[in-house]
Structures are given as structure tokens and as C-alpha cells.
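Student: quick one, what's the 3D model for this:
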Amino acid sequence: MLSSIQGKSTFYIIIVVMLFLAALLLVNYLLLRDFSIEQAERTSSLILNSADSQLEISFNEIEALTSSLSSLRAVREVDIDDMSELFINNVLVRNDNVRALYLGTEDGGMFEWGVGEGFTDFTPVFPEGYDPRVRPWYQLAVEENTYGLTSPYIFASIDALGITAVRPVRNSGELVGVIGLDLILHGLGNLVSSLNVPMGGKVILLNQDKQMLVNQFSPTTDPVTELDIFPYSEIINVDEPFIKTEVYGDFYMISSVKNAATGWTMLLFLPYREIMDFSQNTIQIIIVFDLLLMFLLGSLIAFITRSLVTNPLDKIISIFRLFESGKKSARIPELPGQEFNLIARLFNNLSDLSAESSQRMEEKVEQRTRAVIRLQKENVRLRIIEEKERIYGNLHDSLGARLTSINISNHVAKSAVERDEKPVLKEMLERIEKNTGQGILELKEILAADKTLFIPGREFTVFLDVIIRERLALKDISLEIEGEASDVSMLEPEFTAGLEKIMLELVSNTMKYSGAKKVTKVLKSLT
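Tutor: Presented below is the predicted three-dimensional model:
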């Protein structure tokens, strides 16, 4: 696939698009994560502010209730009948949070009405010897001499922890007693549960001693007799409004607020996983759509590439292959796109020029062939003429000299017959036979030789001392040689053959016309 232009272009485009989409996904994820965290922080702030406001409103209402009750005549004068009806009505209205209302007097009297466990007909059962003046709530009100909230303690009428809102009651400046309003801890849990914290969030309510008044990580509806200390106290003193850390086996984004009315601290825990679910779900949806779009993009790119690039290139390549296989008449048709048409025109023009050039070359080759044939014929004719001239020249130079020697020997033989000189006659006949044999040999050499009479293997000194000397002796001419004939043997064979022909011609002319008795040949080396 990657061997073709279409495959490579599609692959690289998809890779680039994937990189851009991955970068875009990363940016989107970071933005969505920041958005989710920001939304979680806003939600956390809203929840905390709402809970803090509700808690403050509730305790302000309790404070106002204790203030108003402490100023009523029935309370100041300890009118039991009026107090009972008044206290019971207020408890019933607030029974989600309020367990009881009561008045402890300076003379040790205890007047309490409430609902729930520990009450019968709104009246509690106290242990024998019960004295309100020694109870923590009473002592707090006397010491503070104003409204206050007690630390969690065990109620006298039930074995359960609770908190009491107290205020001293005075009549004409004298302390009558202390009015108290009991708050049950699971009532605080109901108050916290009414916040409906989203994303599976949890709330922990701490008092000043970091005891957990409400712990939604371990909710309970049973009466509580002991409060646990918050195990992650280090996160309370962090200056940052929102922190991310692991508590209770999971990661949470934690924020806190301190209630001004009670001094309690409310901690809100939002699961980090739930916070990021929106971002992750959104990213998953985006990834699915991105993959779908990438598939569509790849298909579209492949279609466009094939239509605009690959198909025209395939046509061009097919024409190239036809042209390469020998079909020189193949031409590229008109293609879509100016660039491909330009390539087609250039190829077609070059093909036309190549065809014209080939035709012209064929014509020139044909003309050259005809000219070469004519020259070859002329060369053959001239070589025939040259060969004839060579044969004539060699016959003249060689056979002429031999026939001359034979003719002379014949005349000498005739004279010897007339004088009856048999030895001379025998010698002349032997010379005639020898010259005849040499003439026949030289005739064969002339007919078989290329251009010269040169006999391979014959040294020039043998030619001078034997052949030339014997021919001159036919006319009683002596031969004297001056110089070194061995120097001539170092010459080229063609030059030596020509030199032999010249000497044979000189010898023939000397024997015919000179009448000399002695011939001297002087050999000099010219360097």
C-alpha cells in the first residue's frame, strides 16, 4: 500500500490529522478537566455556603428561641403549666433536630419536656438524686452568663451523646435558672443530609476539638455514646481553599468552612473520579466522533487522491510502459488538471521529436550504408588493380631476374656443348635447375604473399651472400660487401622485403647492361 503515491499521501495525511486530533483531544481534555474542577469548586462552595447558612440559620433560630423563652413570664416565674404547653409545642415543631426543652432552677428543680426515646408523655425519667446545677450545660450558662453551646456529653435521661443550647434566665436581675434545648447528633446528620450533596459527595462536621459530630462516611441512626477524632486533621489547617488528596481509600477534592454561629468546621468531600467523569465521558464521545470523522476523512482523501492524482498518474505510467515495450506510437490522452496536461504535452512532443529523429537517423543510416557499399566496391576494385600491379611488379622483379639468370646459364651451356666442356655444362644445368626451382618458389610466394616477396625466416645476410652472389657469378661478376649486413636484419620485415626487391632489380640491370667484373655493396646504418 505504501509503495504507491496514493497510499503514501493518504497515510501521511492521516498521520498528520491524527497528530492534530490527538493534540486537540489533549487540549480539550485539559480544558474539560479544568472546567470540571472549576465547576466542582463552584458546586463545593455553593454547597458549603448553603450548609453554613442553614446551620447558622438553625442555630441563630435556636439562640433566638432560647432568648425569647427566657424572657417569657411563665419561664421567669416558673409557671409549670404554661411552660409545659409552650415547651412541648416548640419541641414538636422542631423534633427533627430538637429533643427536649427544659428549665433547671437555682433551687435544684428540673422541668423538662421532650419527644423520642427517654420520654413518656413528653416527660423524662431522671435518675435518683438528679441535680441540674451540677450538669455541664447548667455550669456553662452560669459561667458564661449568656447564650452558649455545650460540648458533646451524655444526656441524663438517655445513654446518648448530645449538645445543649443554654441561656441563663433572670427575673428582676436575679438568676432563676438555666433554660436548655437538647440537640441530638443524628438530628445534625439529618440537617446535613438535607443538603443533597451531588456527585456522591460526603460531609463531615467537626467541633472545636476536631471531634466528628456528623460523619457521612460512617452514617448511623443509633444513639452515639462516643465521638471519634477526625483522622486527617492536617488537611484542616491547609491555606488552600481546595485540596486533592486521598482519604478513606479514595481521592477527593476537599473544601471546608467554619461556621460563625457555632465555631464548628464543615468539610465537604467530592470524589475526584466523579468530578472527572464528565470530562472523561465527553472525551470518550469526542474520540468516537473523531475516529468516525477520521475514517470518513481517510475515505474522502483516498477518493479525492485517486480521482485527482492516482488515476491520471496510472494512465501516464501505462503509456510509459507501452512506450518502453516498443510501441513508439503510444501517446498520453488529455487528462484532468493543467499539470498532468503539461506532462502529457511534453511527453507527446518528445515522442514526436524522437520518432522524427529516429526516421531521419534511419534515412541517414540507409544513405551511409549505400555510400559504404559503393566505397567497398571501389575499394575492392582498387585492391584488385593494386594486386595486379603488385603481381606484375613482383613477376618483373623476381621472375625477370630468374629468367635472365636462366638465359645466361643457357648461353653458357651452349658454349660448353660446342667446346665439349662437360663440367661447365653440368654446372650450368644445375644452375638452370636451381633458378627454375627458386623461380617456381618465388612465383608461389608472389601468388600467396600479401604485398611483398619477403620469405619468412630468411636472413638478409643469406640473401646477400648466397642469392645475390650466385646471380652475379653467372656473369663472372664478383661481389664485395662493405659494412655489417646484420644491422639490416633489425629492420621491419616490410622494409627488408622492399630492400630485397631493389637489390634484385639492381643486380638484373647490372648483369644486363654494366659489363662489370666486380660489384661492391656498401651497407650503412642511418640513425
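Student: helix/strand/coil for Met266?
Tutor: strand (DSSP: H, G, I helix; E, B strand; the rest coil).
Student: quick one, helices of this protein?
Tutor: Ranges of helices within the chain are 5-70, 73-76, 80-93, 136-144, 185-193, 272-305, 311-324, 338-394, 400-419, 422-448, 460-462, 469-473, 493-509, based on DSSP state H.
Student: which strand residues bridge Leu205?
Tutor: Val214, Met266 (DSSP bridges).
Student: correct me, but it touches Val192?
Tutor: Yes. Using CB atoms under 8 Å, Leu205 is in contact with Val192, at 6.3 Å. (C-beta placed from N, C-alpha, C; glycine too.)
Student: about what we covered before: tabulate the helices of the chain in CSV, adding columns for mean pLDDT and mean neighbour count.
Tutor: Shown next, in CSV, are these (pLDDT from 0 to 100; neighbours: other CB atoms under 10 Å):
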stretch, mean pLDDT, mean neighbour count
helix 5-70, 80, 15
helix 73-76, 90, 17
helix 80-93, 89, 16
helix 136-144, 90, 18
helix 185-193, 74, 19
helix 272-305, 78, 14
helix 311-324, 78, 14
helix 338-394, 81, 12
helix 400-419, 75, 17
helix 422-448, 73, 15
helix 460-462, 72, 16
helix 469-473, 79, 18
helix 493-509, 77, 17
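Student: of these, which is nearest Ser233?
Tutor: helix 5-70 (18.6 Å; CB to CB).
Student: residue contacts, Gly180?
Tutor: Residues counted as contacts of Gly180 (CB atoms under 8 Å, 6 or more residues apart in numbering) are Ala100, Leu101, Tyr102, Leu103, Gly104, Trp137, Tyr138, Ala141, Thr164, Ala165, Val166.
Student: Pro132 is in contact with the fifth one, correct?
Tutor: Yes. Between Gly104 and Pro132 there is a contact at 3.0 Å, judged by CB under 8 Å.
Student: which of these two has more neighbours?
Tutor: Per other CB atoms under 10 Å, whichever of Gly104 and Pro132 has more neighbours is Gly104, with 26 against 23.
Student: could you list the domains of this protein?
Tutor: Domain assignment for the chain by automatic domain parsing gives 1-325, 331-451, 454-527.
Student: off-centre distance for the second one?
Tutor: On the basis of CA atoms, centre = their mean, to the nearest Å, domain 331-451 is displaced by 74 Å from the centre of the chain it belongs to.
Student: and for the longest one?
Tutor: Taking the mean C-alpha point of domain 1-325 and that of its whole chain, the gap between them comes to 49 Å (CA atoms, centre = their mean).
Student: again, but for stretch 319-335
Tutor: Taking mean C-alpha positions (CA atoms, centre = their mean), stretch 319-335 and its chain are 38 Å apart.
Student: list the contacts of that stretch.
Tutor: Residues from elsewhere that reach stretch 319-335 (CB under 8 Å, 6+ apart): Pro312, Lys315, Ile316, Asn341, Ile343, Ala344, Phe347, Asn348, Ser351, Ser354, Ala355, Ser358.
Student: so what's the second one up against?
Tutor: By CB under 8 Å, 6+ apart, the residues touching Lys315 are Ile332, Pro333, Leu335.
Student: and it, how close does it get to Gln338?
Tutor: 16 Å (CB to CB, to the nearest Å).
Student: so what pLDDT did the residue nearest to Thr43 when sequence neighbours are not counted get?
Tutor: Excluding its sequence neighbours, the residue lying closest to Thr43 (CB to CB, 6 or more residues apart in numbering) is Pro198, at 6.4 Å. You'll see Pro198 listed with a pLDDT of 73.
Student: what's the neighbour count on Ala160?
Tutor: Ala160 - counted by other CB under 10 Å - has 20 other residues nearby.
Student: Gly187 is in contact with that one, correct?
Tutor: No. If you go by CB under 8 Å, Ala160 and Gly187 don't touch, sitting 11.2 Å apart.
Student: shared neighbours, Gly104 and Pro132?
Tutor: With CB under 8 Å, 6+ apart as the test, Gly104 and Pro132 both reach Met110, Tyr138, Gly177, Val178.
Student: from these, which land in strands?
Tutor: Members of those lying in strands (criterion: DSSP state E): Met110, Gly177, Val178.
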